[in-house]
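J.: fold the following, please.
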Amino acid sequence: MVDFSSLRELEQQLARQFDHTFLVNADDPLLPQWRDLHEQGALDLRVMANVGMEASAELVWSWANALLHSRDGGHSCCWRAEARENEKNAACYTALPTWFEVA
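T.: Model prediction:
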């Protein structure tokens, strides 16, 4: 069991990545323009391999598990993460990390 108040570091990482930011795929053909707008302060750019909900859910899952593994030594894990843009666009990623052993 994990006390949610102990996940402040993850909460801050999520805010830096997703709160009032502009997400774009690394292969976006307009990436040079987005970078220019970022440098001008017009948007807060985050470049990702894939900005889709499925990939975002997997990214959050991996961040949560990296934190839990480093902090708890494999005694707890995140087995499911959900990314939600709105009511119609959401995805879940469900898996156990390879290092986690079910008792």
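
J.: could you use CA atoms for every contact and neighbour count after this?
T.: Fine.

J.: can you give me phi and psi for the nearest residue to residue 48 once chain neighbours are set aside?
T.: Leaving aside its sequence neighbours, residue 48 sits nearest to residue 25 (Cα to Cα, 6 or more residues apart in numbering; 5.1 Å). The phi/psi pair for residue 25 (degrees, to the nearest 10) reads phi -70, psi 150.

J.: test my guess that residue 25 contacts residue 56.
T.: No - Residue 25 lies out of contact with residue 56 (Cα atoms under 8 Å); the separation is 11.4 Å.

J.: in the protein, which spans are helices?
T.: Secondary structure of the chain (DSSP state H): helices at 8-18, 31-39, 53-72.

J.: got a markdown table for those, with distance to residue 91, mean neighbour count and mean pLDDT too?
T.: Formatted as a markdown table, these follow (distance: least, Cα to Cα, whole Å; neighbours: other Cα atoms under 10 Å; pLDDT from 0 to 100):
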| stretch | distance to residue 91 | mean neighbour count | mean pLDDT |
| --- | --- | --- | --- |
| helix 8-18 | 15 | 14 | 96 |
| helix 31-39 | 25 | 14 | 98 |
| helix 53-72 | 5 | 18 | 96 |
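
J.: closest one to residue 86 among the ones you listed?
T.: Of all these, helix 53-72 sits nearest to residue 86, with 10.5 Å by Cα to Cα.

J.: which strands and helices sit next to that closest one?
T.: Counting contacts by 3 or more Cα pairs under 8 Å, 6 or more residues apart in numbering; DSSP states H and E, helix 53-72 packs against helix 8-18, strand 80-84, strand 90-94.

J.: what do you get if the cut-off is 6 Å, keeping everything else the same?
T.: Counting contacts by 3 or more Cα pairs under 6 Å, 6 or more residues apart in numbering; DSSP states H and E, helix 53-72 packs against strand 80-84, strand 90-94.

J.: let's have the ones you listed in a markdown table, adding mean pLDDT and distance to residue 63.
T.: A markdown table is the format used below for the helices and strands packed on helix 53-72 (pLDDT from 0 to 100; distance: least, Cα to Cα, whole Å):
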| stretch | mean pLDDT | distance to residue 63 |
| --- | --- | --- |
| strand 80-84 | 96 | 10 |
| strand 90-94 | 97 | 12 |
